[in-house]
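Trainee: What follows is a predicted protein model with its sequence.
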Amino acid sequence: MTAILERSFKVLEHLSGHPEGRALSALSAELEMPLSATHRLLSELVRYGYVRQDQSHGDYMLTIKLVSLGLSFLSNSGIVDVAQPLLDRLAVASGELVRLAVVDGDELTFVAKAQGATRGLRYDPDMGLSVNLSCSSAGHAWLSTMTDEQALQLVAKQGFGQPEDFGPKAPTTVKALLVFLRAARKRGFSMINEVFSPAMTAMAAPVRGAHGGVIGVITIAGPLVRLTEERMLALGPQLLAAADDVARASGASALFRRRA
């Protein structure tokens with residue numbers, strides 16, 4: 001049963017990266033699963049409504065059922081209702097993309113955002129993604145609230161991101177990562193420059209619950225030409241204030257109460 005569940009989730013996760021769909025043979029090869037087993041899993045996922053097969057070319061793709069479950073969960077938890085006005089306010093003040101990620105076990109996942117850029121370059125990556133801890137401002141902000149040993153254990157579990165997949169300044173060693181984490185601890189928020197993506201910068205501050213535990217992270221991200229190091233330092237107090245505001249309001253969210 002465990003193997004079947006693991007394979008099913010692998011199929012769902014893989015299809016999430018291919019909205020155009022994938023052929024049975026391609027899925028089998030890419031997931032290194034036998035063709036017959038892949039077909040059986042897909043048939044069950046189709047039966048339960050999580051996957052559909054395109055009638056014209058036979059490729060398999062996700063339905064919106066998983067998205068609907070996620071949106072329903074977020075709506076019922078009250079997270080977006082609590083955070084959205086505060087994110088909107090920070091987005092207007094910064095003129096950049098502001099996002100909220102929540103701590104979920106050993107991972108951070110983005111759940112809400114506000115776009116403050118009204119002209120020029122607009123940075124707006126996909127939502128609902130598990131955050132890479134070693135190569136993101138959100139990851140650095142969260143890790144900076146831990147001891148070095150705790151932080152490195154989480155990174156070792158997830159793995160270092162590589163510059164070819166992220167930005168040219170992505171840290172790939174323990175020593176390089178600790179430089180970022182210690183700087184974030186000192187100033188109270190993280191800052192990165194071409195770490196997550198080329199020509200992009202970002203900053204993030206942790207959101208602490210009523211009992212001091214970190215329940216989430218707020219980020220500001222934008223193009224390097226606009227969100228310079230000087231600009232990020234100037235925005236630091238507003239970012240920290242927004243994190244405090246979300247922390248104070250977190251009691252209104254059932255999910256945040258459980259994590260506080």
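Mentor: Thanks, I have it.
Trainee: Tell me who's in contact with Leu143.
Mentor: Leu143 sits next to Leu133, Ala151, Leu154, Val155, Leu177, Leu181, Ala184 when contact means Cβ atoms under 8 Å, 6 or more residues apart in numbering. Glycine gets a C-beta too; all of them are placed from N, C-alpha and C.
Trainee: want to try a markdown table for those, with distance to Thr38 as columns?
Mentor: Shown next, in a markdown table, are the contacts of Leu143 (distance: Cβ to Cβ, whole Å):
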| residue | distance to Thr38 |
| --- | --- |
| Leu133 | 31 |
| Ala151 | 37 |
| Leu154 | 32 |
| Val155 | 32 |
| Leu177 | 37 |
| Leu181 | 41 |
| Ala184 | 43 |
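Trainee: Looking at those, spot the one nearest Gly95.
Mentor: When the contacts of Leu143 are compared for distance to Gly95 (Cβ to Cβ), Ala184 wins out at 22.7 Å.
Trainee: Tell me which helix or strand the closest one sits in.
Mentor: Taking DSSP states H and E as the definition, Ala184 sits inside helix 174-187.
Trainee: Describe which strands the helix or strand following that helix pairs with in its sheet and in which direction.
Mentor: Next along the chain after helix 174-187, taking DSSP H and E as the criterion, comes strand 190-193. With DSSP bridges as the test, strand 190-193 is paired with strand 200-208 (antiparallel).
Trainee: now the helix or strand following the strand it pairs with against strand 200-208, angle please.
Mentor: Downstream of strand 200-208, the first helix or strand assigned by DSSP H and E is strand 214-223. Put simply, strand 214-223 runs at 160 degrees to strand 200-208, going by axes from the mean of the first three to the mean of the last three Cα atoms, to 10 degrees.
Trainee: Bridge partners for Ala101, pull those for me.
Mentor: The partner list for Ala101 in beta bridges (DSSP bridges) reads Phe110, Val217.
Trainee: give the contact list for it.
Mentor: Taking Cβ under 8 Å, 6+ apart, one finds Leu108, Thr109, Phe110, Val111, Val131, Ala138, Gly216, Val217, Thr219 in contact with Ala101.
Trainee: Mind checking which of those residues are buried?
Mentor: With burial judged by 16 or more other Cβ atoms under 10 Å, the buried subset of those is Leu108, Thr109, Phe110, Val111, Val131, Ala138, Gly216, Val217, Thr219.
Trainee: that older thread, now the buried members of the contacts of Leu143.
Mentor: Leu133, Ala151, Leu154, Val155, Leu177, Leu181, Ala184.
Trainee: Please tabulate the buried ones among the contacts of Ala101 in JSON lines, including the columns distance to Ala93 and pLDDT.
Mentor: Shown next, in JSON lines, are the buried ones among the contacts of Ala101 (distance: Cβ to Cβ, whole Å; pLDDT from 0 to 100):
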{"residue": "Leu108", "distance to Ala93": "23", "pLDDT": "88"}
{"residue": "Thr109", "distance to Ala93": "25", "pLDDT": "84"}
{"residue": "Phe110", "distance to Ala93": "20", "pLDDT": "87"}
{"residue": "Val111", "distance to Ala93": "21", "pLDDT": "83"}
{"residue": "Val131", "distance to Ala93": "23", "pLDDT": "86"}
{"residue": "Ala138", "distance to Ala93": "19", "pLDDT": "96"}
{"residue": "Gly216", "distance to Ala93": "19", "pLDDT": "90"}
{"residue": "Val217", "distance to Ala93": "18", "pLDDT": "95"}
{"residue": "Thr219", "distance to Ala93": "14", "pLDDT": "97"}
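Trainee: picking that back up, does the helix holding Ala184 pack against any helices or strands, and if so which?
Mentor: In terms of contacts (3 or more Cβ pairs under 8 Å, 6 or more residues apart in numbering; DSSP states H and E), helix 174-187 is packed against helix 137-143, helix 148-158, strand 190-193.
Trainee: Go again with 7 Å.
Mentor: For helix 174-187, the packing partners by 3 or more Cβ pairs under 7 Å, 6 or more residues apart in numbering; DSSP states H and E come out as helix 137-143, helix 148-158.
Trainee: so where is the protein shaky, pLDDT-wise?
Mentor: 1-2, 67-80, 119-129, 210, 250-260 (pLDDT under 70).
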